[in-house]
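In: Sequence first, then the predicted structure:
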Amino acid sequence: MILERSFDGVSPLVRDFHYLPLFYDLKDIKNHKISNVGSEKKTLTLNENDEVMEKYKHSHFSSVLKGISNDFTAFSQSHAAVKFQKQKESEDVNMKQVGEALKKLPEYIELKDRYELHYEVLEGLL
């Protein structure tokens, strides 16, 4: 039996609750790029290099909420730039530690911006 879609009142209410489709529904994305993201208003490209998106794109948003929170906590505790900041406040640091923190700083800023973007999207879902 074939029915006309005008009789189906439930279809407009059905929504995919996986992270990637919700992400595209909520953000203004053009050519897989998002403008004005993070504290520095950068443009981020969503592709296989975005490890956060790759990890969670097929997950339900409730598990993404828990997972991203745990990932960001682990990231912020283990990154060299954060460790350097904590050491700087508590003890003497040497030039090797300063150099290592400076080398890792661009990576830290990029990942921090990506996590900010994903947090922003998750806030929009709630």
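Out: Good, I have the coordinates. Residues are numbered from 1 along each chain as shown.
In: quick one: least confident helix or strand in this protein?
Out: Taking mean pLDDT, DSSP states H and E as the measure, the chain has helix 80-90 as its least confident helix or strand, at a mean of 64.
In: Show the subsequent helix or strand relative to that one.
Out: helix 95-125 (DSSP states H and E).
In: name the helices or strands packed onto that following helix?
Out: Helix 95-125 sits against helix 19-26, strand 33-37, strand 42-45, helix 51-56, helix 61-78, helix 80-90, with contacts defined as 3 or more C-beta pairs under 8 Å, 6 or more residues apart in numbering; DSSP states H and E. No exception for glycine: its C-beta is placed from N, CA and C like everyone else's.
In: Give the buried residues for it.
Out: Using 16 or more other C-beta atoms under 10 Å as the test for burial, helix 95-125 gives 101, 104, 108, 111-118, 121-122.
In: mind checking how far it is from the chain centre?
Out: Helix 95-125 sits 10 Å away from the centroid of its parent chain (C-alpha atoms, centre = their mean, to the nearest Å).
In: Format the helices and strands packed on helix 95-125 as JSON lines; extra columns: mean neighbour count and distance to Lys96.
Out: Listed next are the helices and strands packed on helix 95-125 as JSON lines, based on neighbours: other C-beta atoms under 10 Å; distance: least, C-beta to C-beta, whole Å:
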{"stretch": "helix 19-26", "mean neighbour count": "17", "distance to Lys96": "40"}
{"stretch": "strand 33-37", "mean neighbour count": "14", "distance to Lys96": "33"}
{"stretch": "strand 42-45", "mean neighbour count": "14", "distance to Lys96": "30"}
{"stretch": "helix 51-56", "mean neighbour count": "16", "distance to Lys96": "27"}
{"stretch": "helix 61-78", "mean neighbour count": "15", "distance to Lys96": "18"}
{"stretch": "helix 80-90", "mean neighbour count": "14", "distance to Lys96": "11"}
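In: Perfect, I'm done here.
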